[in-house]
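Novice: The sequence and its predicted three-dimensional model are supplied below.
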Amino acid sequence: MEVVASAPGKITLYGEHAVVYGKPAIVASIDKRVYVRCRLRSDKSITIRALNLQVPGIILTYNKDGEVILKTDYGRVLSAVSYIREAINLTSRYLNEFKGADLTIESNMPVGAGLGTSAAVSVATIAAYSKALGHDLDLHNIAKLAWNTEKNIQGIASPMDTSISTFGGIVYLTYDGVNFSIDPLHIDVEFNIVIGYVKRQYKTKEMVEKVKSYLQRHPDLVKPIIDLIGDLVNDAKKALIKGDLEYAGELMNINHGLLDALGVSSKELNDLVYAARAFGAYGSKLSGAGGGGSMIALTDSERVQQIITAIRILNGLPIGTEIGGDGVRYESIDKNK
Ligand code: PMV
């Protein structure tokens with residue numbers, strides 16, 4: 001049995017970091033995806049190859065107690081492997097079934113870009129592996145297992161990345177610290193998003209911990225910032241539904257300023273954010289955990305090229321994208337392999 005599943009990356013239009021503290025967020029899938037090919041094996045080994053996620057090849061062998069015996073020293077490739085391994089562990093525990101498998105992962109997003117690659121890897125791995133074992137997990141179960149994967153690996157994670165990667169679309173997400181719900185947004189007006197990427201020095205976990213430490217050390221200052229982000233997300237929802245791009249852009253700028261105040265921007269990101277505005281974007285902000293990684297600009301089609309050029313001049317990697325496409329999906333299922 002061989003299954004190929006894919007899941008999209010995401011951008012956060014508004015509300016990252018505050019979402020960890022129970023505030024709403026607006027998030028969208030992008031047209032860059034992670035593909036996981038899963039072929040069952042007759043032994044109890046899991047092999048992982050993910051060349052463009054910096055995983056040259058690794059074999060995890062499980063003993064009869066379900067403990068992993070690592071066959072290779074994977075050094076700096078630990079990060080992507082740890083999500084895949086945890087996704088397999090949680091899925092087989094949930095289904096009460098374990099079989100060895102060869103997993104090949106391909107991504108058309110840069111790794112660690114703040115585009116939700118780790119969530120997409122987790123979601124697509126869970127979908128492919130469960131299907132290969134002959135189970136039909138519904139989307140809520142896939143999203144939950146993927147969220148637990150992220151929580152176990154990162155220590156702290158909101159359900160934002162894993163749910164958008166599972167369900168796709170452009171959604172307003174609410175999260176009360178335990179449960180989450182997603183509400184698709186229907187936006188009638190045409191707009192474009194340009195992503196700019198700069199190398200990221202820090203992991204999501206480190207950025208989330210940075211905000212947590214700010215909050216612990218300066219609760220009277222930082223809590224109102226988080227509350228304000230929550231408020232502006234609700235305003236942004238109304239602005240987008242009304243098709244008021246000028247106001248939606250202004251709210252992005254305010255969101256960026258507040259994220260900078262939380263200490264999660266960087267000079268390189270700020271340079272791209274300001275350049276996009278100078279070249280006519282309605283608004284721009286960092287997107288994702290920050291500390292480098294991605295920024296987004298909200299614009300109309302006439303200005304896309306000039307914003308792309310501005311990002312390139314500043315040594316960022318511009319990524320044009322369509323947003324709001326499919327969540328997790330099966331690309332192929334071959335029962336004869
Ligand atoms: O690094 P990313 O794009 O996966 O962003 C994580 C988003 C945060 O809000 C910072 C953390 C979270 O778990 O929601």
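Specialist: That came through, no problem.
Novice: CA atoms for contacts and neighbours, from now on please.
Specialist: Noted.
Novice: Once you drop chain neighbours, what's closest to residue 163?
Specialist: In this structure, residue 163 finds its nearest non-sequential neighbour in residue 143, 5.3 Å apart by C-alpha to C-alpha, 6 or more residues apart in numbering.
Novice: what's the offset of whichever strand or helix holds that neighbour from the middle of its chain?
Specialist: Per DSSP states H and E: residue 143 is located in helix 139-154. Relative to the chain's own centre, helix 139-154 is displaced by 12 Å; criterion: C-alpha atoms, centre = their mean, to the nearest Å.
Novice: For that helix, output the C-alpha coordinates as PDB.
Specialist: Listed next in PDB are the C-alpha coordinates belonging to helix 139-154 (Å, rounded to 0.1, in the frame of the first residue of the first chain):
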ATOM      1  CA  LEU A 139     -10.300  16.200   9.500                       C
ATOM      2  CA  HIS A 140     -10.900  17.000  13.100                       C
ATOM      3  CA  ASN A 141      -8.900  14.000  14.200                       C
ATOM      4  CA  ILE A 142      -6.100  14.800  11.800                       C
ATOM      5  CA  ALA A 143      -6.000  18.400  13.100                       C
ATOM      6  CA  LYS A 144      -6.000  17.200  16.700                       C
ATOM      7  CA  LEU A 145      -3.200  14.600  16.300                       C
ATOM      8  CA  ALA A 146      -1.100  17.200  14.400                       C
ATOM      9  CA  TRP A 147      -1.700  19.800  17.100                       C
ATOM     10  CA  ASN A 148      -0.600  17.300  19.800                       C
ATOM     11  CA  THR A 149       2.500  16.500  17.700                       C
ATOM     12  CA  GLU A 150       3.400  20.200  17.700                       C
ATOM     13  CA  LYS A 151       2.700  20.600  21.400                       C
ATOM     14  CA  ASN A 152       4.800  17.600  22.300                       C
ATOM     15  CA  ILE A 153       7.700  18.800  20.200                       C
ATOM     16  CA  GLN A 154       7.500  22.500  20.900                       C
END
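Novice: if we look at stretch 153-163, which residues are touching it?
Specialist: With contacts defined as C-alpha atoms under 8 Å, 6 or more residues apart in numbering, stretch 153-163 is touched by 10, 19-20, 25, 27, 82-83, 86, 116, 119-120, 122-123, 143-144, 146-147, 150-151, 173, 175, 177, 180, 204-205, 208.
Novice: buried stuff in it?
Specialist: Neighbour-count burial for stretch 153-163 flags 153-154, 157-163 (criterion: 16 or more other C-alpha atoms under 10 Å).
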